[in-house]
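Asks: Compute the structure for the input listed below.
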Amino acid sequence: METAKKKDFVEVKFTGYSNGNIFDSNIEEDLKKIDSKAKPRETIVIVGEGMLVPGFDRELEGKEIGKEYRIKVSAKEGFGERKKELVKTIPLKVFTEQKINPYPGMVLAMDNNLARIITVSGARVMTDFNNPLAGKDLEYKFTIVRIVSDDRERAKALFEFIFKFVPDFEVKGEDVIVKGLKVLEKFVVSFKDKFKELAGKELKFEIVEEKKEEKGSEKKE
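Replies: Sure thing, here's the model as predicted:
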């Protein structure tokens, strides 16, 4: 049987459990248990490159394609242990100045991280910046559906992981050419060596000039 090797691009279908409850999945019937309106997403990762939590990532290597596995992942090898220093007291005015009325259990984005409000007392708000799954042991069921060989799929997976979005790009022979405004160029250049290592392609950049809208005067009848 074909097995996944380190640095292989693979498509994975999985469901993650914490205390027996599903917290994430890209398997339709499991995902519906979290959100009935959610649609499963295709997940392509590189084995051994940290695109999943460490304990899950490590388990991919050597697994057979098409076979379902079930594994347990410790908190340390999952989303990490809880850290006391990530529980902070923040002045209430920080929230009210942003027109936010905090309440216990509220989850919001702060400083590029998710934060959960623990208590609101007077002018102080105790806020937890730990990942909600920090300190919890996890379980996963997963199947490696296929090894991905298509150059465009591989490039797209890398862009999603590193850039957090997929830029306009095309594959030409041994080159992957990203097209965009000049401001994007520095990100592309900083990533080109890693891209070559993982995808085996030269990453290049092509500036696309910003289009200026021509304002024409409307003729009045």
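Asks: quick one, longest helix in the protein?
Replies: helix 185-199 (DSSP state H).
Asks: Enumerate the positions of the helix or strand that it is followed by that are buried.
Replies: Scanning forward in sequence from helix 185-199 by DSSP states H and E, the next helix or strand is strand 202-207. Under the neighbour-count criterion of 16 or more other C-beta atoms under 10 Å, strand 202-207 has 203, 204, 205 buried. Where C-beta positions appear, they are placed from N, C-alpha and C, glycine not excepted.
Asks: what are the pairing partners of the lowest-mean-pLDDT helix or strand in the chain, and which direction each?
Replies: Counting by mean pLDDT, DSSP states H and E, the chain has its least confident helix or strand at strand 107-110, which shows a mean of 89. When sheet partners are counted by DSSP bridges, strand 107-110 sits next to strand 113-121 (antiparallel).
Asks: how about stretch 139-153 as CSV, C-alpha atoms only?
Replies: Output in CSV follows, covering the C-alpha atoms of stretch 139-153 (Å, rounded to 0.1, in the frame of the first residue of the first chain):
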residue,chain,number,x,y,z
GLU,A,139,-8.6,12.8,19.7
TYR,A,140,-8.6,12.7,15.9
LYS,A,141,-10.0,10.3,13.3
PHE,A,142,-8.5,10.9,9.9
THR,A,143,-7.9,9.5,6.5
ILE,A,144,-5.2,10.5,4.0
VAL,A,145,-7.3,10.7,0.9
ARG,A,146,-4.5,11.1,-1.6
ILE,A,147,-1.0,12.4,-2.3
VAL,A,148,-1.3,15.7,-4.1
SER,A,149,0.9,16.0,-7.2
ASP,A,150,-0.8,18.8,-9.1
ASP,A,151,1.5,21.9,-9.1
ARG,A,152,-1.4,24.4,-8.8
GLU,A,153,-3.0,22.6,-5.8
